[in-house]
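Student: Using only what follows, build the 3D model:
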Amino acid sequence: MGEKLQNDAEEELYLTDLIDVETLQSIQDRFSNLVGIAAMTTDASGNPVTKGSNFSEFCSKYNRGTEIGGERCRKCGRLGAEEALRLGRSKVYECHAGLFDFAAPIMADGKMVGCFVGGQALDREPEPEKFYKIAGELGVDPKEYYEAAKKVTIMPKEEIDKAADFLYAIANVLSTMAYSKYLTYEASKEIKKVSDMK
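Tutor: Got it, this is the predicted structure:
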C-alpha cells in the first residue's frame, strides 16, 4: 500500500479510508470527460487507487504497462503533486514519456495522502527522434511507440494550463473531504476511549 497517515502506533489511514474509491472514480471520470484528457487518482506514493480515465494506449500499454515506465509514472505524479503543494497551484510539466502532465496533492491533517493526476496531452505533433529515444529506454518497439504517441490528444498549451488549474481546485475539494473524514475518525476514537474508561 501507499504512504499512510499515521495516527498512532497501531492505526494507519490511507486515502481510500478517507474517500471511497467510487467517489474518487466518479469525480475523476467527470473531470476527464469535461476537459478531454486523461486522469488518475493515486495514493501518496503514486500507486493508482482508481482506473485511469481516458487513458491512451500510449500510456496504459507502453508506459504504465512496462516496469520502467510504470515506476517513472508513479514518481512523476508524486513529484508533480509535491511541486503543486510547494507552489500552491498545479504546474504543467513534461513527463518522462514526453507528454504534458500535471498533478495536485490530496491532503489531510497536513499530510499528502494522495495525488490527483491529469494530462497525457501534447501541444504539437510528436517528434519521431524524441519518442524513438524514449522507446529505447523503456525497451518497447520504437515504431509502435511512436505510432501510439501520434494518437495522443493534441490541444493548445493554454487549454492544458486551464485543465491543470481546474484539477488543482478539485484536489482542494477532495482534501476538504479527506480532512473532514479524518476529523470524524479522530472524534470517534476519542469517544471510544471515553466510553471504554466508563
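Student: Every contact and neighbour count from this point should use C-alpha atoms.
Tutor: Noted.
Student: Check the spacing between Asp141 and Met107 real quick.
Tutor: Distance of Asp141 to Met107, computed by C-alpha to C-alpha, to the nearest Å: 39 Å.
Student: Comparing the two, which shows the higher neighbour count?
Tutor: Neighbours per residue (other C-alpha atoms under 10 Å) separate Asp141 from Met107, with Met107 holding more: 24 against 12.
Student: in its sheet, what does the helix or strand where the more buried one lies sit against?
Tutor: Assigned by DSSP states H and E, Met107 belongs to strand 100-108. Strand 100-108 pairs in its sheet with strand 93-94 (antiparallel), strand 111-122 (antiparallel), by DSSP bridges.
Student: what about the strands in the protein?
Tutor: Using DSSP state E, the strands of the chain run over 5-6, 12-13, 38-43, 93-94, 100-108, 111-122, 153-154.
Student: Which of the helices and strands in this structure ranks last by mean pLDDT?
Tutor: strand 5-6 (a mean of 52; mean pLDDT, DSSP states H and E).
Student: Gly46: neighbouring residues, count only.
Tutor: Summarising burial for Gly46: neighbours were counted as other C-alpha under 10 Å, giving 26.
Student: wait, isn't it in contact with Gly77?
Tutor: Yes. Proximity of Gly46 to Gly77 meets the contact threshold set by C-alpha atoms under 8 Å, at 6.1 Å.
Student: give me the number of residues near Ser26?
Tutor: Ser26 has 13 neighbours, counted by other C-alpha under 10 Å.
Student: And for Leu79?
Tutor: When neighbours are defined as other C-alpha under 10 Å, Leu79 has 19 of them.
Student: buried ones in stretch 60-79?
Tutor: 61-64, 66, 69-70, 72-79 (16 or more other C-alpha atoms under 10 Å).
Student: With only the CA atoms kept, save stretch 74-82 in CSV.
Tutor: Presented in CSV, the C-alpha positions along stretch 74-82 are these (Å, rounded to 0.1, in the frame of the first residue of the first chain):
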residue,chain,number,x,y,z
ARG,A,74,4.5,6.8,-10.2
LYS,A,75,7.5,9.0,-9.4
CYS,A,76,6.4,11.7,-11.9
GLY,A,77,2.9,12.1,-10.5
ARG,A,78,4.1,12.2,-6.9
LEU,A,79,6.8,14.8,-7.8
GLY,A,80,4.2,16.8,-9.7
ALA,A,81,1.9,16.9,-6.6
GLU,A,82,4.8,17.9,-4.3
